[in-house]
Every structure is written in C-alpha cells, then in structure tokens.
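Peer 1: My questions concern the predicted model and sequence given below.
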Amino acid sequence: MKFAIPFILLFFLLIPGLSISQDNSSGKEFEKDTTILIGKVERNILQQGDFGKYFKEEYKNYQPCTNTIQQLKNKVYENSIVIVLATWCHDSQEQVGRFYKILDLLDYNTNMVATICLDKNKLAGELDISSYDVKLVPTFIFYNELKETGRITESPNASLEKDILQILNQ
C-alpha cells in the first residue's frame, strides 16, 4: 500500500505532460498546439510555430488534380477569399496548407486572402465575424463583387480544387 500512493501521484503528474494525441480517423499522430492564433493573420504567421508544421506538411504532400487546376485558371482571379480557421482544429491543420497550395498553383495573389483565426469559443478576439456566419472551421468563403458565391466548410465534398471549381462555375 505504501507504493500505491506514490505510483498514483506519479501517474497524475505525468499525464498532463504527454503531448501526443492520435487522430483515429487517419492514423496520423499530431502534437497538441501550444499556441492558438486569434484574429486576422497573414500567411507568413500561419507558416510559423505549431500550426506552421501542419501547414508546411500538408502543402508539401498535397497533390491536387492538375486537370482541375487547369480548369480553374482565369476563373479564380475575379474572386476575393476569406478563410476562417482555428489553429487548434484538425480540419484546419489539414486543409489550410492544401488550400494555399492550390492558390499558389493558380498564381492567385494570396496577399489578397483575408485569414481569420478563432479561439476555442469560435471568437476572433476583438474582430466581429458574425456576418460570416461560421459554424465549423475551416470555412473558405468566395466573393465576387462583394457577393458570396460559395463556401467550403470543414472538409471538401470531392476535393478542395473540385469544390472550388464547382463554386466558380455557378
């Protein structure tokens, strides 16, 4: 019995220090984020820190359909894009780097993308995002002449590039 109490204390002291969690749906292991970005951020900030690891990995490994990319050329430039994401969200970690890769392949000026990060309460700090009506993250919203033309919410239906093409063909 003397050894049980120190063992239990040691067990509870070590548990909070574990930093690996597993996403059972993909079999990938992800480190927990220690930094949560909040509010409007630039792309270069997304590529740093904990979220930057996911961004760079997904950007590098994602292979979009080249035929769909060719169909998207000259269609996306008339649109402005807002991305609402959460650096703590697995879907954001997976999709945002992929989305930027598609935009880069299209030579879209990604400096024109408004990127907004949410905290765990889905708030953007002092920035009011209620007009975007975001329920899930990430949400990629496309606008043409200030009118929303479509959005991709959480994960794409077919693929990011095919969903973008569907939005732009409407």
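Peer 2: Sure thing, it's come through. Residues are numbered from 1 along each chain as shown.
Peer 1: And the strands in the protein, which stretches?
Peer 2: Assigned by DSSP state E, the strands in the chain fall at 20-22, 29-31, 39-41, 80-85, 114-117, 139-144, 147-153.
Peer 1: looking at it, residue 100 is touching residue 59, isn't it?
Peer 2: Yes - counting by C-beta atoms under 8 Å, residue 59 is a contact partner of residue 100 at 6.2 Å. For the C-beta atoms, the positions are set from N, CA and C on the backbone; glycine is no exception.
Peer 1: the more surrounded of the two?
Peer 2: When neighbours are counted by other C-beta atoms under 10 Å, residue 100 and residue 59 differ, and residue 100 comes out ahead with 22 against 17.
Peer 1: Pull the contacting residues for the more buried one.
Peer 2: 43, 55, 59, 110 (C-beta atoms under 8 Å, 6 or more residues apart in numbering).
Peer 1: tell me the contacts of the third one?
Peer 2: Going by C-beta under 8 Å, 6+ apart, residue 59 touches 97-98, 100-101.
Peer 1: Dump those residues into CSV; add pLDDT and distance to residue 135 as well.
Peer 2: Listed next are the contacts of residue 59 as CSV, based on pLDDT from 0 to 100; distance: C-beta to C-beta, whole Å:
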residue, pLDDT, distance to residue 135
97, 98, 22
98, 98, 21
100, 98, 23
101, 98, 25
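Peer 1: can you list those residues in CSV and add distance to residue 129?
Peer 2: As requested, the contacts of residue 59 are exported to CSV (distance: C-beta to C-beta, whole Å):
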residue, distance to residue 129
97, 22
98, 22
100, 20
101, 25
